[in-house]
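**Student:** this is a predicted model, with the sequence first.
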Amino acid sequence: MSDIGFVGLGIMGRPMSRNLLKAGYSLVVFDVFPGPVAELAEAGAAQAASCAAVAAQADVVITMLPDGPEVETAVLGPAGVLEGARPGSVIVDMSSISPMVSQKVAAACAAKGVEFLDAPVSGGEPKAIDATLAIMVGGKPEVFDRVLPILQKLGSSVTLTGAVGAGNVTKLANQIMVACNIAAMGEALVLATKAGLDPEVVFNAVKGGLAGSTVLNAKAPMVISRNFKPGFRIALHEKDLRNALLAAESMKVSLPFTSLAQQMLIALMNDGKGNLDHSAIVTFIEKMAGIEVQKPQA
Ligand code: NAD
């Protein structure tokens with residue numbers, strides 16, 4: 001079995017590392033914060049003093065970091081993963097970042113004989129804990145085959161979607177559909193409430209029809225019960241739409257709905273709502289309509 005390195009022990013990285021330990025892999029970990037490193041060491045992982053030190057002890061290094069700048073620092077920066085990585089080893093970046101950054105990091109890795117895959121995930125903390133994430137991978141098929149048994153310990157669906165960068169393009173496509181779905185749901189429930197209807201009755205009436213979706217089933221009950229505890233935070237979703245728009249601009253693709261959804265997310269962050277669940281997109285539409293989605297008052 002491979003020795004695995006894991007860098008980035010946040011909301012997602014912590015449970016994912018634990019699942020690799022549970023599967024019997026020997027694991028060496030690092031995070032800029034000592035707290036989660038100590039937690040993983042207690043669970044059986046070895047601790048390293050830097051990203052480079054992780055890579056020096058591992059055949060496969062997984063990174064799970066907030067965004068592209070952190071991935072560039074952790075992989076390409078001083079004492080970064082690439083500094084310690086052996087030729088022939090594999091870096092699997094599971095963060096959701098710009099596909100262009102994935103390609104830049106992959107090129108730097110290739111120059112040192114190190115393989116690279118981008119492998120972002122969908123599913124959030126509950127699915128990271130249950131090891132049922134959906135994992136979207138970009139890279140060479142033979143490198144994918146090498147790390148597939150490891151990824152299968154983290155997710156229930158692991159799909160090679162194309163060359164390096166394709167994993168993050170797929171993830172961005174996912175994030176566009178989710179954000180625009182939530183915004184459309186918000187407009188629909190605001191209209192129904194303003195018309196004097198019970199939004200729960202409307203939700204139940206439409207969920208079995210063409211407008212029904214996983215997003216609707218997960219998020220409409222949160223909106224109706226005014227529970228905006230994350231879940232997936234507005235600030236992270238804004239980052240994903242920003243990356244989608246940057247990628248789209250580089251290809252001269254126009255994404256008007258994505259752009260509008262990103263503007264809503266920025267406004268909500270300025271309104272102090274960046275840490276709320278992304279279902280709180282509805283509050284932007286509510287503010288414009290001067291009404292809150294709620295059951296009719298008796
Ligand atoms: P997080 O902020 O909780 O964790 C990131 C970790 O990276 C932190 O512990 C931080 O200390 C560490 N870190 C930052 N820079 C570092 C560096 N240079 N070296 C070592 N460690 C460093 O984020 P998260 O929620 O775990 O998300 C990670 C990624 O997964 C993001 O790209 C996010 O968009 C994506 N994602 C998150 C969710 C979710 O529900 N949280 C769902 C799907 C995808």
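**Tutor:** Noted; the coordinates are in hand.

**Student:** contacts for stretch 65-84?
**Tutor:** 5, 7-8, 10, 50-56, 61, 63, 91, 93, 95-98, 101, 104-105, 108-109, 112, 114, 236, 239, 243 (Cβ atoms under 8 Å, 6 or more residues apart in numbering). Where C-beta positions appear, they are placed from N, C-alpha and C, glycine not excepted.

**Student:** and the end-to-end length of it?
**Tutor:** End-to-end distance for stretch 65-84: 18 Å, by Cα to Cα, to the nearest Å.

**Student:** re the thing from before, now the contacts of stretch 65-84: which count as buried?
**Tutor:** 5, 7-8, 50-56, 61, 63, 91, 93, 95-98, 101, 104-105, 109, 114, 236, 239, 243 (16 or more other Cβ atoms under 10 Å).

**Student:** before we move on, what SS does the most centrally placed residue in the chain have?
**Tutor:** In the chain, the centroid-proximal residue (Cα atoms, centre = their mean) is Ser96; its distance is 4.8 Å. Ser96 carries the three-state label coil when classified by DSSP: H, G, I helix; E, B strand; the rest coil.

**Student:** for Leu117, same thing?
**Tutor:** strand.

**Student:** which residues of the stretch 1-150 of the chain lie near the ligand?
**Tutor:** 7-13, 30-33, 36, 51, 64-67, 70, 73-74, 95-96, 121-122, 124-125 (Cβ under 6 Å from any ligand atom).

**Student:** residue ranges with poor pLDDT in the stretch 1-150 of the chain?
**Tutor:** For the stretch 1-150 of the chain, residues meeting the criterion pLDDT under 70 lie at 1-2.

**Student:** quick one: residues contacting the closest residue to the ligand within it.
**Tutor:** For the stretch 1-150 of the chain and the ligand, the shortest gap (Cβ to the nearest ligand atom) falls at Gly10, measuring 1.7 Å. Shown in contact with Gly10 (Cβ under 8 Å, 6+ apart): Asp31, Pro36, Met64, Leu65, Pro66.

**Student:** which one (most neighbours) among those?
**Tutor:** Within the contacts of Gly10, neighbour counts (other Cβ atoms under 10 Å) peak at Met64, which reaches 28 neighbours.

**Student:** residue contacts, it?
**Tutor:** By Cβ under 8 Å, 6+ apart, Met64 lies in contact with Phe6, Val7, Gly8, Leu9, Gly10, Met12, Gly13, Met16, Met94, Ser95.

**Student:** rerun that using 6 Å as the cut-off
**Tutor:** Applying Cβ atoms under 6 Å, 6 or more residues apart in numbering to Met64 gives the contacts Gly8, Met12, Gly13, Met94, Ser95.

**Student:** make TSV out of these and add distance to Ala289.
**Tutor:** Below are those laid out as TSV (distance: Cβ to Cβ, whole Å):
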residue	distance to Ala289
Gly8	40
Met12	35
Gly13	40
Met94	39
Ser95	36
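
**Student:** contacting residues for Gly165?
**Tutor:** Here Gly165 is in contact with Pro99, Ser102, Gln103, Gly138 (Cβ under 6 Å, 6+ apart).

**Student:** again, but for Leu27
**Tutor:** Ile4, Phe6, Leu20, Leu21, Ala45.

**Student:** just Ser95 next, same as before
**Tutor:** Applying Cβ under 6 Å, 6+ apart, one finds that Ser95 lies in contact with Met64, Leu65, Val71.

**Student:** measure it to Glu187 for me?
**Tutor:** 31 Å (Cβ to Cβ, to the nearest Å).

**Student:** what do you get for Gln57?
**Tutor:** Distance from Gln57 to Glu187, by Cβ to Cβ: 52 Å.

**Student:** more neighbours: these two, which one.
**Tutor:** Set side by side, Gln57 and Glu187 show more neighbours around Gln57, with 17 against 14, by other Cβ under 10 Å.

**Student:** that one reaches Val28, doesn't it?
**Tutor:** Yes - using Cβ atoms under 6 Å, Gln57 is in contact with Val28, at 4.8 Å.
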